[in-house]
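S.K.: need a structure here:
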Amino acid sequence: MALNLSDHNIIDSHCHFLLPDKETKDFECYWNLSRLPIESKHLRNALNYKMMLNELKVLLSIDKKTKDEEVVSARNRMYKKDAIGYIKMLFRTANIEAVLIDTGVPNLENYGYTISFDDFQNLLPEEVIKRCIVRIEPIIFKLLLKEDCSFQELVFLFEQELNESIRNQKAIALKTTIAFHTGLDIKIVNEAQALEAYTRYRKCRTGDLNAEKEIRDYFVLLSLEKCIQLDIPMQIHAGIGDAPVLDLMKSNPLLLFNLIRDPYFQKAKIVIEHLGYPYIRETGSLVNMFPNIWVDFSEINAFISQSVVHCLRELLEMTPVTKILYGSDSYGVPDIFWFSALHFKKSLEKVLKDFIHDSILSPEYAQFAADRILRENAWEFYKLGNFPDQ
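M.R.: Numbers count the residues shown, from 1 in each chain. The predicted structure follows:
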């Protein structure tokens, strides 16, 4: 039984909007996670960028000896000439069956613009399933700017906007990026504690970070309650993220321990994103021991080159193959959707073939594992068959 995943359908359970006319940076700038100005010569000499260009040569039928800048020029000409055609080619080549979109990025606060669901979905092949995930932080950001707002009003407005966003976007999940703000050490804050924290927060002109943390923690808890009520998952950003905004020490998934061991919040289905990279073993142990915790293998596929194989091996030390979800965390350029899927499938195929060779897995079970990780887990977990077309 030969294992070949190149033509296997894949569900991208974690990605973002993009528009061709918003691609204003040089191509190499999209292949690094830093918000700091990294010199192009360094970006162009990262291994993940070299790997992507080699795959691009194959895709575009360009001679393998062609210089990198000529490959990028050819790609840019094709994209500029027919952006929609180029995007559809990428998606169909990678066999991307569905995309689950975090609609919170790009946003006006950090990017200066937003993109509508309709504008984005019109770029993709008609057969690709498109579903939305509501990020709670943009809602919180607007509410904390309100100066004449009581705590009761704040909570009412949060729940009102959250409900409207879920309804209007037909959302299949919620998401929090609290790791970027006050960290993953989420406390079980009750209403009285949140009220007291809000009072302190408003009294301090420069803002009270401890009070802000309790308020943000409380909003995450309210969102988890909504997930329990609607029986939809909550995605939680963990591990790697945009530098220098994210403090990686506050993004270790083990910091979630007090939250996920709470009996009430064990009713919520939680996805730890990005493998919690570089805290992979920590993530794997949580997914293994808590029935309501899953993990998505996202973002790093386009950014850590050959180590995807290593990360898969490390994650599979404890993580059941039935609780791993694929994602790209694509943004900015459509090539990330394509390369992430391509690179992940090749890496997964290599790992599973090694397991077969070493008699760890039978060929039949390796195929089962591939089916689960690439498609079936996401299809079942997010109930994609239960939602009507957008």
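S.K.: quick one, strands of the stretch 1-150 of the chain?
M.R.: For the stretch 1-150 of the chain, the strands defined by DSSP state E, counting those that start in this stretch cover 10-15, 96-102, 129-135.
S.K.: can you count the residues close to residue 120?
M.R.: Residue 120 has 18 neighbouring residues, counting by other Cβ atoms under 10 Å. The C-beta positions use only the backbone N, C-alpha and C, and glycine is treated the same way.
S.K.: residues contacting residue 87?
M.R.: 20, 123-124, 334 (Cβ atoms under 8 Å, 6 or more residues apart in numbering).
S.K.: farthest pair within the residues you listed?
M.R.: Within the contacts of residue 87, two members stand farthest from each other by Cβ to Cβ: 20 and 124, at 12.3 Å.
S.K.: quick one, which of these two is more surrounded?
M.R.: Remark: of residue 20 and residue 124, residue 124 carries more neighbours, 20 against 15, as counted by other Cβ under 10 Å.
S.K.: leaving out sequence neighbours, find the closest residue to that one.
M.R.: Spatial nearest neighbour of residue 124, chain neighbours left out: residue 91 (6.0 Å); criterion: Cβ to Cβ, 6 or more residues apart in numbering.
S.K.: look up how far residue 118 lies from the one you found.
M.R.: 17 Å (Cβ to Cβ, to the nearest Å).
S.K.: now residue 59
M.R.: 28 Å.
S.K.: more neighbours: these two, which one.
M.R.: Of the pair residue 59 and residue 118, residue 59 is the one with more neighbours under other Cβ under 10 Å, namely 17 against 9.
S.K.: tell me the pLDDT of that one.
M.R.: pLDDT recorded at residue 59 is 97.
S.K.: check residue 245 too.
M.R.: 87.
S.K.: got it, and residue 205?
M.R.: 60.
S.K.: hmm, residue 125 and the residue nearest to residue 124 touching each other?
M.R.: Yes: Residue 91 lies in contact with residue 125 (Cβ atoms under 8 Å); the separation is 5.3 Å.
S.K.: ok, those two, which is more surrounded?
M.R.: Shown here are residue 91 and residue 125; by other Cβ under 10 Å, residue 91 has more neighbours (22 against 14).
S.K.: so how far is residue 101 from the more buried one?
M.R.: 13 Å.
S.K.: repeat for residue 291
M.R.: Counting by Cβ to Cβ - residue 291 and residue 101 are separated by 27 Å.
S.K.: who has more neighbours, the two?
M.R.: When residue 291 and residue 101 are compared on other Cβ under 10 Å, the one with more neighbours turns out to be residue 101, at 24 against 8.
S.K.: the more buried one bridge partners, please.
M.R.: On the basis of DSSP bridges, residue 101 is bridged to residue 15, residue 132.
S.K.: quick one, helices of the stretch 201-350 of the chain?
M.R.: 209-230, 257-260, 280-289, 307-315, 335-357 (DSSP state H, counting those that start in this stretch).
S.K.: now the stretch 1-150 of the chain
M.R.: Counting by DSSP H, counting those that start in this stretch, the helices of the stretch 1-150 of the chain are 40-43, 47-59, 68-81, 83-94, 108-111, 117-121, 137-144.
S.K.: hey, least reliable of those helices by pLDDT?
M.R.: Averaging pLDDT over each of the helices of the stretch 1-150 of the chain puts helix 108-111 lowest, since it has a mean of 80.
S.K.: can you give me how far that one is from the chain middle?
M.R.: Centroid separation for helix 108-111 versus its chain: 18 Å, with Cα atoms, centre = their mean, to the nearest Å.
S.K.: what's the neighbour count on residue 77?
M.R.: Neighbourhood size, residue 77 [other Cβ under 10 Å]: 10.
S.K.: distance of it from residue 317?
M.R.: Remark: distance between residue 77 and residue 317 (Cβ to Cβ) = 45 Å.
S.K.: what of residue 59?
M.R.: Taking Cβ to Cβ, one finds residue 59 at 34 Å from residue 317.
S.K.: pLDDT weak spots in this structure?
M.R.: For the chain, the stretches flagged by pLDDT under 70 are 1, 205-207, 387-390.
S.K.: farthest residue from the center of it?
M.R.: residue 203 (35.8 Å; Cα atoms, centre = their mean).
S.K.: and stretch 53-66, how far apart are its ends?
M.R.: With Cα to Cα, to the nearest Å as the measure, stretch 53-66 spans 10 Å from end to end.
S.K.: so how far is that stretch off the chain centroid?
M.R.: Put simply, stretch 53-66 sits 28 Å off its chain's centre (Cα atoms, centre = their mean).
S.K.: list the buried residues of it.
M.R.: Neighbour-count burial for stretch 53-66, counted by 16 or more other Cβ atoms under 10 Å, picks out 53, 55-57, 59, 62.
S.K.: now distance to residue 307 too, for the residues you listed, in JSON lines please.
M.R.: Shown next, in JSON lines, are those (distance: Cβ to Cβ, whole Å):
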{"residue": "53", "distance to residue 307": "18"}
{"residue": "55", "distance to residue 307": "17"}
{"residue": "56", "distance to residue 307": "20"}
{"residue": "57", "distance to residue 307": "22"}
{"residue": "59", "distance to residue 307": "23"}
{"residue": "62", "distance to residue 307": "26"}
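S.K.: of those, which is the nearest to residue 69?
M.R.: Closest to residue 69, out of all of the buried residues of stretch 53-66 and judged by Cβ to Cβ, is residue 53, at 9.8 Å.
S.K.: show me what stretch 228-238 is in contact with.
M.R.: In contact with stretch 228-238 (Cβ under 8 Å, 6+ apart) are residues 14, 102, 133, 166, 171-180, 184, 223-224, 227, 251-253, 256, 265, 267-274, 276, 279, 283, 294, 296, 381-382.
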